[in-house]
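> Need coordinates for the below:
(4 chains)
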Number of protein chains: 2
Amino acid sequence: MTSLDLFTREARNLGKSARTKARLMDAAVSVFARDGFEAASVNEITRAAEVANGTFYVYFKDKDEIATAVAYRIAHDVVKQLDAAMDGISDAVERISCATRRFLDLASSTPQWGKALFRAVWIYNDLRDSVVSYLRADLERGVAQGVFTVEIDDFLISTFSAMTMSTLFRRLNGEAGPDAGSRVAQLQLRMLGVAPDVAKRVAFQALEPITLTMPVIARETDRSKKN
Amino acid sequence: MTSLDLFTREARNLGKSARTKARLMDAAVSVFARDGFEAASVNEITRAAEVANGTFYVYFKDKDEIATAVAYRIAHDVVKQLDAAMDGISDAVERISCATRRFLDLASSTPQWGKALFRAVWIYNDLRDSVVSYLRADLERGVAQGVFTVEIDDFLISTFSAMTMSTLFRRLNGEAGPDAGSRVAQLQLRMLGVAPDVAKRVAFQALEPITLTMPVIARETDRSKKN
DNA sequence: GAATTTTATGAGATATATGTCAATTAACTG
DNA sequence: CAGTTAATTGACATATATCTCATAAAATTC
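Purely as a prediction, here's the structure:
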C-alpha cells in the first residue's frame, strides 16, 4: 500500500507537490490497468493514491489530462530503454527482431504498465508515432542492406506494429507464453522478405540476458478503504 | 430518422415486439459505433431507437446483453456473406487473400457495422473464434497444398487476424484507402511463406465485382430530441 | 514562532446513468 | 366492440461521477 511506484520513486527528492502528482500518476496506471481507461474514475484514482478527491483537480484538469501525462511518460521510458538495449546492433534483421522481442519482454514484465501502454497506443496517435519512430529507421536500413523486400510506408509500419501490439495483448492476457516475442518476430521477418530459415534463426537466437525494467512494485488493491 | 436499418427491416413482418427489439438493436449499433461501447448508455440507445427508457429493459437485461445480441448477429451475417463470396474457390492462396479482402470491403462499406464489429471482436473471444473459424481450415488447406510453410496454431491465427483487424481499424478511420485489403493480404501471404511475386499477383488480382452488403441506411443523430 | 505561502481536504452542487414499476396505451380475440 | 392480453411509458428511487471552493493543515520564510 505504501510501497513506492515508479513515478513516486523518481519524485522522492523533489518537492511535495511533485510527489503528490507522481502518486496520482502511479495510481492512474494501476487503475487504468485494472479497470480500463473508460471505466476508471477520478474517485478510484484518488482512492488508490490515498489522497482526497479534490487533490486530483489541483494537478490535473480531468481524467484525459492525467492519462496523457502517464502515457507520454511511459512511452518515453520505453523508447529510452529500447534504445539502450539495441546499442551496438547494426544488422537490420537483428535490430528489428530485437526491438520486437525486447519491447514485449519489457511491457509484459510489468503488466500494469504494459496494459496502460497498450490502451494508450490506441488513443494517442502521436504517442504511437513516437514509440515506433525508431522502427521506420530500422526498416529502411534493412531495405538499404537489401534484406527487406517491401516498400516501407505508413501502412507497413502500422501493420507491423499491430502484430507486435496484438502479441502484447495476448501476452498480458495469458494467451501467449514467453516465446511469443520470438514467434511474432519470426513472422514479421518473413513478411519483410527475410528467408524463412534466417527469420527463424534470428528470431529465436538467445538475447543478451540483460533485463529491462520498469520497477513497479505491485500495489495491492483495496476497494474497501473509505475515502 | 424513420428509415429502416437492417435488423428493423428483417423484422418488419414479425410481431410488434420483434420489431421493437430490432429497433433497439439497430440503435445500439449506431450508438456503439458513434460513442464506443463503454461510453454508450442505455438512455442514448433508447433515444436513438425513439422508445422510452423503460422499453429497453423489457427486451434486454442491460447494455452487455444487447451488445452480445448485436455482436453475434453481425458476426453471423459476416460469416454467411463471406462463405457465399468464397464459394467455388479452391486454391488456398486465393481463398486466404479473398477472405481478407472481402471481409475488409464488407466491414468498411458500412462503417457503423464495421466499428461495432471491430469493438465486439476485442470483447467476445468466442465471437472472434467464430469469425475466424473458416480461417483455420483455409490455412491448413494451404499447408496441405504445400504453399504455406508455417505452423498453423492459435498464435499464428491471432497474429493473422490482428493484421486484418488493424487494417479495418485504419480503413474505418480514413488512414488507409481502398487498396488496404490487397496490401495486407499481400503481407499475410508473404508471412505464410508464399513467394513475394505470387503474393503480390494474387493479392492485387481483380475480385469478382459482386458487392457484399449490410444494407444499413444512415440514421442521422439528433441528440437534441427530448425523451 | 509568527506570518505567509503552498498544499490538501471533503462536503456539496450539479449532472447523468441504471433499473423498477404502477399506470397507460395499443393490439388482438371471440 | 367489450374484454383480455401484450407492449409501452416515464416518473422515480438509487447510485455514482465530476468539479468547485471555502476551509484547514502543512511547509516555508523571515
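
> Helices along chain A, start to end?
Applying DSSP state H to chain A gives helices spanning A:6-10, A:16-35, A:42-49, A:53-59, A:63-85, A:92-109, A:111-123, A:125-131, A:133-144, A:154-172, A:180-192, A:196-204.

> Which among those is found nearest to DNA strand C?
Proximity to DNA strand C (C-beta to the nearest atom of the strand) singles out helix A:53-59 among the helices of chain A, at 1.6 Å. To be clear about C-beta, it is placed using only N, CA and C from the backbone, and glycine gets the same treatment.

> now that closest one: mean pLDDT?
Helix A:53-59 shows a mean pLDDT of 97 in the predicted model.

> what does stretch A:111-130 give?
Here the average pLDDT along stretch A:111-130 is 82.

> just how off-centre is that stretch within its chain?
6 Å (C-alpha atoms, centre = their mean, to the nearest Å).

> Name the residues of it that are buried.
Under the neighbour-count criterion of 16 or more other C-beta atoms under 10 Å in any protein chain shown, stretch A:111-130 has A:111-121, A:124, A:127-128 buried.

> what sits up against it?
With C-beta atoms under 8 Å, 6 or more residues apart in numbering or on different chains as the test, stretch A:111-130 has contacts from A:6, A:29-30, A:32-34, A:36-37, A:67-68, A:70-72, A:74-75, A:78-79, A:107-108, A:131, A:161, A:165, A:168-169, A:171-172, A:214, A:216, A:218.

> among those, which are in reach of chain B?
A:36, A:161, A:165 (C-beta under 8 Å from any C-beta of the partner chain).

> Can you give me the neighbour number for the second one?
Same thing as A:Ser161. 18 (other C-beta atoms under 10 Å in any protein chain shown).

> Next: the last one.
The local packing count at A:Met165 equals 23, with neighbours defined by other C-beta under 10 Å.

> filter the contacts of stretch A:111-130 to the buried ones?
A:6, A:29-30, A:32-34, A:37, A:67, A:70-71, A:74-75, A:78-79, A:107-108, A:131, A:161, A:165, A:168-169, A:171-172, A:214, A:216.

> Contacts only, for the residue nearest to A:Ser158 when sequence neighbours are not counted.
Excluding its sequence neighbours, the residue lying closest to A:Ser158 (C-beta to C-beta, 6 or more residues apart in numbering or on different chains) is B:Arg170, at 6.0 Å. Residues counted as contacts of B:Arg170 (C-beta under 8 Å, 6+ apart) are A:155, A:158, B:176, B:180.

> and if we set it to 10 Å?
A:154-155, A:158-159, A:162, B:108, B:176-177, B:180, B:184 (C-beta atoms under 10 Å, 6 or more residues apart in numbering or on different chains).

> And for A:Leu24?
A:7-8, A:42, A:45-46, A:48-49, A:51, A:55-56, A:58-60, A:66, A:69-70.

> ditto for A:Asp154
Counting by C-beta under 10 Å, 6+ apart, A:Asp154 has contacts A:129, A:136, B:170, B:175-176.

> One more: A:Leu135?
Taking C-beta under 10 Å, 6+ apart, one finds A:95-96, A:99-100, A:103, A:129, A:152, A:156-157, A:160-161, A:164 in contact with A:Leu135.

> which two in the contacts of A:Leu24 are spaced the farthest apart?
Using C-beta to C-beta, the pair of those lying farthest apart is A:Thr8 and A:Val42, separated by 18.5 Å.

> which of those two has more neighbours?
The neighbour comparison of A:Thr8 against A:Val42 (other C-beta under 10 Å) goes to A:Thr8, with 22 against 17.

> Check the ones next to chain B among the contacts of stretch A:111-130 one by one and keep those near DNA strand D.
For DNA strand D, no contacts are drawn from those by C-beta under 7 Å from any atom of the strand.

> May I see those arranged in TSV, with pLDDT as well?
As requested, those are arranged in TSV below (pLDDT from 0 to 100):
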residue	pLDDT
A:Gly36	86
A:Ser161	95
A:Met165	94
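
> Now flag whichever of the contacts of B:Arg170 is closest to DNA strand D.
Using C-beta to the nearest atom of the strand, the contacts of B:Arg170 come closest to DNA strand D at A:Ala162, 29.9 Å.

> which ones are touching that closest one?
B:159, B:162-167, B:169-170, B:184.

> quick one: which two of those are the most distant?
Taking C-beta to C-beta, no two of the contacts of A:Ala162 sit farther apart than B:Thr159 and B:Arg170, at 16.9 Å.

> Next, format the contacts of A:Ala162 as JSON lines and append distance to B:Gln145.
Formatted as JSON lines, these follow (distance: C-beta to C-beta, whole Å):
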{"residue": "B:Thr159", "distance to B:Gln145": "21"}
{"residue": "B:Ala162", "distance to B:Gln145": "24"}
{"residue": "B:Met163", "distance to B:Gln145": "21"}
{"residue": "B:Thr164", "distance to B:Gln145": "21"}
{"residue": "B:Met165", "distance to B:Gln145": "26"}
{"residue": "B:Ser166", "distance to B:Gln145": "27"}
{"residue": "B:Thr167", "distance to B:Gln145": "25"}
{"residue": "B:Phe169", "distance to B:Gln145": "31"}
{"residue": "B:Arg170", "distance to B:Gln145": "31"}
{"residue": "B:Val184", "distance to B:Gln145": "22"}
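
> quick one: which of these is nearest DNA strand D?
Distances from DNA strand D to the contacts of A:Ala162, taken by C-beta to the nearest atom of the strand, are shortest for B:Phe169, at 26.2 Å.

> Wait, that closest one touches A:Ser158, no?
Yes: B:Phe169 is within contact range of A:Ser158, at 8.8 Å (criterion: C-beta atoms under 10 Å).

> Counting neighbours, what do you get for A:Glu38?
As a burial measure, A:Glu38 scores 13 neighbours (other C-beta under 10 Å).

> how near is it to DNA strand C?
12 Å (C-beta to the nearest atom of the strand, to the nearest Å).

> which stretches of chain A aren't confidently modelled?
A:1-4, A:211-227 (pLDDT under 70).

> who in it is up against DNA strand C?
So chain A meets DNA strand C at A:15-17, A:19-20, A:51-55, A:57-59, A:227 (C-beta under 7 Å from any atom of the strand).

> Dump those residues to JSON lines, plus distance to chain B and neighbour count.
Output for the residues of chain A next to DNA strand C, formatted as JSON lines (distance: C-beta to the nearest C-beta, whole Å; neighbours: other C-beta atoms under 10 Å in any protein chain shown):
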{"residue": "A:Gly15", "distance to chain B": "36", "neighbour count": "9"}
{"residue": "A:Lys16", "distance to chain B": "35", "neighbour count": "8"}
{"residue": "A:Ser17", "distance to chain B": "32", "neighbour count": "11"}
{"residue": "A:Arg19", "distance to chain B": "31", "neighbour count": "18"}
{"residue": "A:Thr20", "distance to chain B": "28", "neighbour count": "18"}
{"residue": "A:Val51", "distance to chain B": "25", "neighbour count": "18"}
{"residue": "A:Ala52", "distance to chain B": "26", "neighbour count": "11"}
{"residue": "A:Asn53", "distance to chain B": "22", "neighbour count": "12"}
{"residue": "A:Gly54", "distance to chain B": "25", "neighbour count": "8"}
{"residue": "A:Thr55", "distance to chain B": "26", "neighbour count": "16"}
{"residue": "A:Tyr57", "distance to chain B": "22", "neighbour count": "11"}
{"residue": "A:Val58", "distance to chain B": "26", "neighbour count": "12"}
{"residue": "A:Tyr59", "distance to chain B": "24", "neighbour count": "18"}
{"residue": "A:Asn227", "distance to chain B": "24", "neighbour count": "9"}
